[in-house]
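Student: Make a model of this:
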Amino acid sequence: MADHNTPSPQPDLHRNRLPSLFEVLSRRTLAPVDLFYFYIYMRDQQRSVDYLDFWLDVAQHMSMCRHYVRELRRSVMIGTPDGDKSTSKRSSAMLEGLGDLNHGGPSIYPSDKEKNQDAQMSAYLRQEAQHAANTGHSPAGSTGSNNMRQTSSNDRPRPSFMSSPHVLTTSGSNSPEHTVARADIRASAEKILYTYLLPGAEREIQLPHAITHEITVGIEEQGRDDPELFDSAKDYVFQAMERDAFPGFLRSKALGNLVPPSVLMRLVIGLLSMFAAFWVAFILIFLDYGRRTRLWLILPFTIGVYALCSQQYSLDPILALLGFSEYTFMNFNRIREPFVRKLLNKRAITVLGVTIFIDACLVVLFVFVPGKRL
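Tutor: As a prediction, the model looks like this:
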């Protein structure tokens, strides 16, 4: 059955600062600094979305393991253990000592108690895998495991963040809907290995050799599939994203509201408009047109200055004041993060002030300069 006790992450509407990477990955932020925007930024600008997908898939693997152990513990607690799952009295005791495992994985900051529960859960899964290997029923040969080996590069799963981590139905699984079988956990671990870590994998990410070797040996030789196996790789990828990608993401989305193609478009429009404005201005001056006629110069100068200021700050001030941020070219979404909304409003007013000042100077200069017919 579906788990209804796991708390869903709730955005912090009272945060008076920019969010951290962990808060973004934990779905505790709103647009334009949420996971959706970060995913698109990693895909379109950083060109390293495979690292983010790896982190999310490992987090999903952790949630799947919690779901499996939680349901197994419940079956033990009510006195109806499954013969394939309850391997010994020691295993039953370990399950009963794990607690409810109702914390939401990466969605909630782990306490010491929750970290200890996760460590015990991994220890139980290792013991269970070892018992299965000793009795000749290793999940390594499961249908789900074999399916992961045969995954085509044309059948990439959709991004992990697009589906809730609490609905843990695994495609291609032999388990009933909304439940997780032991083979599903094995298949999930192998999917991560074959998709991201092995040399020549379809979405291979660059990790230290010691980390990838430890995971490969753990899965293929030791039969492990517990989430603790991926801890070092997950931490390494998190630190890399936090160092190399996240600062640029915050600059792009918390201090601006345009994507690079839109910035380039505004640069082109601005340069063309300024060229047209200067060209017409000098024609009107040297043909000795009156000041009322030259007042029309305000149109090309305003368009040109506005576009160039928007390009310089990567911020369209009118769109920002209306509460919109661009996530792909000419596609916009509402700005819902309160602190970012205030920050962008302040910057939009500043950009508008700079635009009006420069525009006014240019118009006054070319309108009031004396004309002389050549």
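
Student: Where does pLDDT dip in the stretch 51-200 of the chain?
Tutor: For the stretch 51-200 of the chain, the stretches with pLDDT under 70 are 77-114, 132-178.

Student: mind running it again at 80?
Tutor: Along the stretch 51-200 of the chain, the parts satisfying pLDDT under 80 run over 73, 75-119, 122, 124, 128-178.

Student: can I assume Asn333 sits in a helix?
Tutor: No - counting by DSSP: H, G, I helix; E, B strand; the rest coil, Asn333 is not found in a helix; it is strand.

Student: residues contacting it?
Tutor: Ala31, Pro32, Tyr37, Phe324, Ser325, Tyr327 (CB atoms under 8 Å, 6 or more residues apart in numbering). For the C-beta atoms, the positions are set from N, CA and C on the backbone; glycine is no exception.

Student: For PyMOL, write a command that selects the buried ones of those.
Tutor: To isolate the buried members of the contacts of Asn333 in PyMOL, using 16 or more other CB atoms under 10 Å:
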select buried, resi 31+32+37+324+325+327
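
Student: The contacts of Asn333 in helices, which ones?
Tutor: When DSSP state H is applied, those are split such that Tyr37 fall in helices.

Student: Closest one of the contacts of Asn333 to Tyr306?
Tutor: Closest to Tyr306 out of the contacts of Asn333 is Phe324 (16.2 Å), distances taken as CB to CB.

Student: my guess is that closest one meets Arg336, correct?
Tutor: No - the criterion here is CB atoms under 8 Å, and Phe324 misses it with Arg336 at 10.9 Å.

Student: what separates the helix or strand that contains Asp53 from the chain centre, distance-wise?
Tutor: With secondary structure defined by DSSP states H and E, Asp53 is part of helix 49-77. Taking CA atoms, centre = their mean, to the nearest Å, one finds helix 49-77 lying 18 Å from the centre of the chain it belongs to.

Student: Stretch 367-374 too?
Tutor: Chain-centre distance of stretch 367-374: 57 Å, with CA atoms, centre = their mean.

Student: list the contacts for Trp25?
Tutor: For the record, residue 25 is Leu, not Trp. Contacts of Leu25 (CB under 8 Å, 6+ apart): Leu35, Phe38, Trp55, Leu56, Ala59, Pro106, Phe238.

Student: what's the distance between Phe301 and Tyr51?
Tutor: 45 Å (CB to CB, to the nearest Å).
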